[in-house]
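S.K.: the following block contains a protein sequence and its predicted model.
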Amino acid sequence: MSNELKSSLETLPIELIYRIFDNLNLETILSFRYVCQRFYSITNTFNRYKFDLKLISKYHFDLICRIIHPENVISLTLSDDDMTPGQISSFISRFSIDQFNRLRTLTLCKITEQDLNKFLKHMTISSLTSLIIEQRDCYTSANSQLTMSILSHTMTQSNLCKLELDMRSYCTDEILWPSQFSIKYLTISNCNFNQIIIILRHSSHLQSFIVKNCIIHNLTKTISISSDLKPLKQLTSMIFEDSELSMDTLGWFLSSIPSLIYLKLEGRPFMYDSIFGQIRLENFIQTKLHHLEKFEFFFRFVYSEVIQNRSTSIETRLEQFRTPFWLENKRCFVNCDYIKSSGEILLYSIPICNHRFEYYDDSNKISSSTSSTIYNDSIIMDNVRELDLHLKNITSTSMIKKVSVGDNLFCEI
């Protein structure tokens, strides 16, 4: 480090150095410890640390655990994935979570039930505003009820406004949702529709709700347990990802959320067949969702009948999206792809709303769009972060350039 740079940094007010630290990663901040005595002291007193230990090496993990001051940490991410096995249990052996009394955000990736139980038992952090849990294994019947009971109690904390649960084994059925909780942003995976109704019945503050991998089978039973569900005027954002819902059920459910501003649907065949049956989506939105500003969707299905004219079949599916309501009012443009190798049909709004996408080259698909302007592929792919390439014709120079990740087509991958 040059003397001039060192001198200028050494004379900066501590408040400005703290502000610089707010925009640096953990490793960079800790490297400042060894510059001079003043910086060593500042790194010890800085009280807005955001520890993301998800990809950290064992060496640096041990180093951080030795020098950490729990009261200075406001965000903590721990992971037991294949890159950092045993990290969470090692952390528990060194600290009690209640030592982090200023913690605002806690993320636990690939956590086992045993470790989650230990975390939740000692979690009395009143400052916590965000809790994200992704389980690693399936919970055992012997202990899952106890773990879910403790989790239910955790959800009652008054400052907790964001909760994400990926329990994977459908043990969310055992969560005893509190009669009232202050969560505003909720994401839940692997649950049934009846439980969604129970959640909404007690969610007077919920503003954004993301549901992943939800399956509904019995509309009559669902409606019978939800007859007392009141309109959820505070809920403005609703997302279904990778879910199977009939249009009857979806229509009934969305009718109870009249204030929706954003709606996203990602579905499998059962959802598609129902949505494009007797009820037109346009009419439903106009009559039930007056405040809806943005609607995104992605449907993948295999058509049950033999398609004689594939191009005509694609145009038929796009027809209802060529009205002024979609093109002018909502500015919603739709693509439809027929994949020759698999017989699948993909129907989706553009830009693609999925973070993961399977890309097929032009020789393996028939495509059409409601957009009169030829969309640039890079715009269509703007939200895609994970990509599977299915390429039959990769020999031409133009095709190689088109699918290049370094080019503009997949600039966000």
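M.R.: Structure's in. What do you need? Numbers count the residues shown, from 1 in each chain.

S.K.: mind naming the longest strand for this protein?
M.R.: strand 294-302 (DSSP state E).

S.K.: who are the packing partners of that strand?
M.R.: Here strand 294-302 touches strand 262-267, helix 269-275, strand 344-350, going by 3 or more Cβ pairs under 8 Å, 6 or more residues apart in numbering; DSSP states H and E. C-beta here means a position set from N, CA and C on the backbone, and glycine is covered the same way.

S.K.: partner strands of that strand, parallel or antiparallel?
M.R.: Taking DSSP bridges as the criterion, strand 294-302 forms sheet pairs with strand 262-267 (parallel), strand 344-350 (antiparallel).

S.K.: now it: average pLDDT?
M.R.: Confidence over strand 294-302 (mean pLDDT, whole number) is 87.

S.K.: sorry, back to before: mean pLDDT for the helices and strands packed on strand 294-302: which is lowest?
M.R.: Lowest mean pLDDT within these: helix 269-275, a mean of 51.

S.K.: after that helix comes which helix or strand?
M.R.: Counting by DSSP states H and E, the next helix or strand C-terminal to helix 269-275 is helix 281-288.

S.K.: looking at the strands paired with strand 294-302, which is nearest to residue 33?
M.R.: strand 262-267 (44.0 Å; Cβ to Cβ).

S.K.: quick one: that closest one to chain centroid distance?
M.R.: Computed by Cα atoms, centre = their mean, to the nearest Å, the chain-centroid distance of strand 262-267 equals 12 Å.

S.K.: circling back to that earlier point, how about CSV for the strands paired with strand 294-302, with distance to residue 325 added?
M.R.: Below are those laid out as CSV (distance: least, Cβ to Cβ, whole Å):
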stretch, distance to residue 325
strand 262-267, 15
strand 344-350, 14
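
S.K.: got JSON lines for those, with distance to residue 128 and mean neighbour count too?
M.R.: Below are the strands paired with strand 294-302 laid out as JSON lines (distance: least, Cβ to Cβ, whole Å; neighbours: other Cβ atoms under 10 Å):
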{"stretch": "strand 262-267", "distance to residue 128": "26", "mean neighbour count": "20"}
{"stretch": "strand 344-350", "distance to residue 128": "36", "mean neighbour count": "20"}
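
S.K.: show me where the stretch 301-413 of the chain has helices.
M.R.: 310-318, 324, 377-380, 397-402 (DSSP state H, counting those that start in this stretch).

S.K.: whoops, the stretch 101-250 of the chain was the one
M.R.: Applying DSSP H, counting those that start in this stretch to the stretch 101-250 of the chain gives helices spanning 113-121, 141-154, 193-201, 219-225, 247-254.

S.K.: what's the angle between the third one and helix 247-254?
M.R.: Read that as helix 193-201. Interaxial angle of helix 193-201 relative to helix 247-254 (axes from the mean of the first three to the mean of the last three Cα atoms, to 10 degrees): 10 degrees.
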